[in-house]
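S.K.: just a sequence and a predicted model for now, questions to come.
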Amino acid sequence: MGVHTYILFFLFLHGVYGNNQLRADKVDYRSAFDQDLYEDVLNQELCNLQLSLLANGTDYLEFLDASGRFPSGFMQGNWHDFGDYYQCLGINKVIQDVDIQGKYCAIQVPLQQDPIEIPEFPSIPGGDGWPEDWLPIFPTAAPPTEAPGDPPAGPPAEEQAKIYANYMRLQAYARGISGVGEPVESRVFPILITANLRSMIGVCIPKACTPTHAIEFFQSRIPFVNFTYNEYYCRLPNDKPFATADIVAIVIFGFIGLLTITSTCYDLYQTFVLKRDARQVNQLYACFSVYTNTRRTLTFSSAPGTLECVDGIRAISMLWVVVGHTYSMTLIGFIHNTVEFMASLSYFSSTWVTSAPITVDTFFMLSGILAVYTVIGKISRRRFIRTIHLFYLNRLLRMFPLLAAMVLLQASFFNHASDGPYWINQALATENCRNYWWSALLHIQNYVNPLNTCLPQTWYLSVDVQLYIVCPLVLVFLFGREKLAWIVLTAFVLLSLVGSSLFSFLYNFSAALANPSRLAEFTDYLKYYYFNTLARAPPFFIGMVYGYLLYLCKDKKIRISKISVAILWCLSFAMFAFCIFSIYPVMQLDHTAQTFDNFLNSYMRSIWAIGLGWLIFACVHGYGGPINWFLSLQIWKLPARLSYAVYLIHMAVIFTGTGSWLKTYYYTESKNMYRFAGDISISFLFAFILSVLIDAPFSTIQKILNGTSKRPRKPVESINPVSVIKDEDNFVKTSL
């Protein structure tokens, strides 16, 4: 049952949550739908006529059948019923020359209702009349005291109310950090009162009516069926209008498609008709060729000095990220077995997922290593300072094409990719990118609009780029004397640890992202610590330390005694185990050791980076054994090469999947693993397509503009040109 808890920490991992003051300019998901269409179909006179026609016949049964009702599994936490979305929108009847079409609406029904006065019913033939307790009992009051020896009566009403309240709070956070939710006041206590608990029910009504008008009509016909509710939203067929973003996407991707077709035809003609050598084909004309770019993407050769084990680390970490988001984003929908899910949050078997945020620090650490390893020893300090603009420009340009493509796809294509009764999550993600695309491309989302992130997972890119901008302050000292270099590296590591410690000990945060007993602190945790670049810096600078160490030991035979190697490996595994399993006691409801939490927040990520740094160093210098063999397998080459594209696209794939759910989701570990298999497969497929059509062409263009893509007149046998290009791609663009 361990996967259940992933919804607790990764539902906060990618994005930002805050209070209402921070979100005065929040994005409205309704902008993604045609509000004029909703208004134009409303007609009270026509609505009364249609409702009368339906009430005087049997045609209302189809509307009733497509509507939700009291859900099954209520005692297990299933408080919602979507009805049948597509059946409702497909209704198109003609009754007495009146055209009646269906409209799907969702209403929120408070679970605490006024008592219903039921008229007397005739006795059941052969029975003793209607049972007194035939109506469902809502969890609004404590159950009667059980007599000794009576069987358990299920979750007490008060406990069930708390379970529901906590679940809804977690769901709100999940939507918030994914950029598709409403803000939650940090000062609101997480256990809400029973009167605020609501059930979402789908209702099918004639499109000329409002939900209030239709429901009041039928309530007037059955006086004792009278309940309170709130209108939530309504949907009609073809209610997603084409926006400016859609037009821009069609033009840009259409132009890229035309270039791709033309370039591919040119490349194929030169290669297979004229039989020309690849060095004789014009690179600029062939840069969009699907044939060449696919062959380059699937060519796996390594240049001297490549850190082979990094491919395995990067690929496995990315798989962990995707599987985590598959589990966490389950919560942006509605779960059927909420009671079972909430009970699993503090299980020991869930530890591997509650500790998964450490994956992000793996990428920060790799970023620091590559920032040093790909620069020091390649050029002089003077030249580095003179060309520092290229240091920044190359990094940003390598990341820009795929990022811009995904921002545009999220703002356009993915809103039309599917549909469902709860598509509003995808709609709000679309609106976020339509309004805040610029902050994503400028890598400032973690500070400028943290509650409206376009591509919510790109908060990491913002922090990573900001650290990359700062790292030349360290790099300039690494070209000279080793003693000065070590002093500067040590100073930056210590300063970053001091900053992280200050944020942790001053604010006394929980070490678990979603400690069930401390959810009210979560907003400040994100604002002042988790998405704060200064607080997340230690793994990056520790990575720079290892990058410099790898540079100093490059092409050298490092001799370490077997005992020392064994001790270092044991320490490394102990560090990994500590970072993973130390979250378990923090997740317990009775955990009160605040000093332990502060210690974890201050140093746990640095401990992880130190252990991972030894693993990479040992693998590079022949002390990795089977671990190096496993991480250096060819099977990791393609996932590692596509990891950046997978990272950018997988959340949109997950949003599309969860937004297409037609019923409440029955949560099981095996079911979520099945979803993960689909999410990762589709993500890798789209990532490969984007890499071939977007990333590879613009990478070639960038190299042409930089003057680094000139082909030698004579082939160089010792270095494969393709491997050099791909090696640059892996090291320069991003740690992902």
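M.R.: Sure thing, it's come through.
S.K.: in stretch 66-86, what's buried?
M.R.: Within stretch 66-86, the residues that count as buried by 16 or more other Cβ atoms under 10 Å are 66-68, 71, 74, 76-85. For every residue, glycine as well, the C-beta is placed using N, CA and C.
S.K.: what's the answer for stretch 400-408, then?
M.R.: 401-408.
S.K.: low pLDDT regions in this structure?
M.R.: In the predicted model, the chain carries pLDDT under 70 at residues 1-27, 112-197, 222-226, 514, 516, 519, 708-735.
S.K.: for it, what spans make up the strands?
M.R.: Remark: strands assigned in the chain by DSSP state E are 92-95, 98-110, 198-206, 230-235.
S.K.: okay, the ones you listed, which one's buried deepest?
M.R.: Among those, strand 198-206 has the highest mean neighbour count (mean count of other Cβ atoms under 10 Å), at a mean of 23.
S.K.: can I get that one as CSV, trimmed to CA atoms?
M.R.: Output of strand 198-206 as CSV, limited to C-alpha atoms (Å, rounded to 0.1, in the frame of the first residue of the first chain):
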residue,chain,number,x,y,z
ARG,A,198,-19.6,18.6,0.5
SER,A,199,-20.4,16.0,-2.0
MET,A,200,-20.0,16.6,-5.8
ILE,A,201,-22.9,15.2,-7.8
GLY,A,202,-23.3,15.4,-11.6
VAL,A,203,-26.8,16.3,-12.9
CYS,A,204,-28.1,16.2,-16.4
ILE,A,205,-30.6,18.9,-17.3
PRO,A,206,-31.9,20.6,-20.5
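S.K.: show me what it is packed against.
M.R.: Applying 3 or more Cβ pairs under 8 Å, 6 or more residues apart in numbering; DSSP states H and E, one finds that strand 198-206 makes contact with helix 44-55, helix 60-66, helix 85-89, strand 98-110, helix 211-221.
S.K.: against which helices or strands is the shortest one packed?
M.R.: I take that to be helix 85-89. helix 60-66, strand 98-110, strand 198-206.
S.K.: dump those into TSV; add distance to residue 584 as well.
M.R.: Shown next, in TSV, are these (distance: least, Cβ to Cβ, whole Å):
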stretch	distance to residue 584
helix 60-66	46
strand 98-110	36
strand 198-206	33
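S.K.: quick one: closest of the ones you listed to residue 277.
M.R.: strand 98-110 (60.9 Å; Cβ to Cβ).
S.K.: quick one: strands adjacent to that closest one?
M.R.: When pairing is defined by DSSP bridges, strand 98-110 lines up against strand 92-95 (antiparallel), strand 198-206 (antiparallel), strand 230-235 (antiparallel).
S.K.: and the helices in the stretch 151-300 of the chain?
M.R.: Shown for the stretch 151-300 of the chain, the helices assigned by DSSP state H, counting those that start in this stretch span residues 157-177, 211-221, 244-268, 283-286, 290-297.
S.K.: list the helices and strands the shortest one packs on?
M.R.: In other words, helix 283-286. Partner elements for helix 283-286 (3+ Cβ pairs under 8 Å, 6+ apart): helix 244-268, helix 696-706.
S.K.: pick the most deeply packed of those helices.
M.R.: Compared across these, helix 696-706 shows the largest average neighbour count, a mean of 18 (mean count of other Cβ under 10 Å).
S.K.: CA atoms only: put that helix into CSV for me.
M.R.: Taking C-alpha atoms only, helix 696-706 is exported to CSV below (Å, rounded to 0.1, in the frame of the first residue of the first chain):
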residue,chain,number,x,y,z
ALA,A,696,17.7,18.1,-32.4
PRO,A,697,17.0,20.6,-35.2
PHE,A,698,17.5,23.7,-32.9
SER,A,699,20.6,22.1,-31.3
THR,A,700,22.1,21.8,-34.8
ILE,A,701,21.2,25.4,-35.6
GLN,A,702,22.7,26.6,-32.3
LYS,A,703,26.0,24.8,-33.1
ILE,A,704,26.0,26.3,-36.6
LEU,A,705,25.6,29.8,-35.2
ASN,A,706,28.3,29.1,-32.6
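S.K.: what packs against that helix?
M.R.: Against helix 696-706 (3+ Cβ pairs under 8 Å, 6+ apart) you get helix 244-268, helix 283-286, helix 290-297, helix 388-411, helix 721-732.
S.K.: got the angle for it vs helix 244-268?
M.R.: Angle of helix 696-706 versus helix 244-268, following axes from the mean of the first three to the mean of the last three Cα atoms, to 10 degrees, is 80 degrees.
S.K.: looking at the helices and strands packed on helix 283-286, spot the one closest to residue 599.
M.R.: For residue 599, the closest of the helices and strands packed on helix 283-286 is helix 696-706, at 43.2 Å, according to Cβ to Cβ.
S.K.: so how far is that closest one off the chain centroid?
M.R.: The chain centroid and the centroid of helix 696-706 are separated by 30 Å under Cα atoms, centre = their mean, to the nearest Å.
S.K.: next, the angle helix 388-411 makes with it.
M.R.: Helix 696-706 runs at 160 degrees relative to helix 388-411, counting by the same axes, to 10 degrees.
S.K.: returning to that earlier point: export the helices and strands packed on strand 198-206 to a markdown table and tack on distance to residue 367?
M.R.: As requested, the helices and strands packed on strand 198-206 are exported to a markdown table (distance: least, Cβ to Cβ, whole Å):
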| stretch | distance to residue 367 |
| --- | --- |
| helix 44-55 | 59 |
| helix 60-66 | 51 |
| helix 85-89 | 43 |
| strand 98-110 | 43 |
| helix 211-221 | 50 |
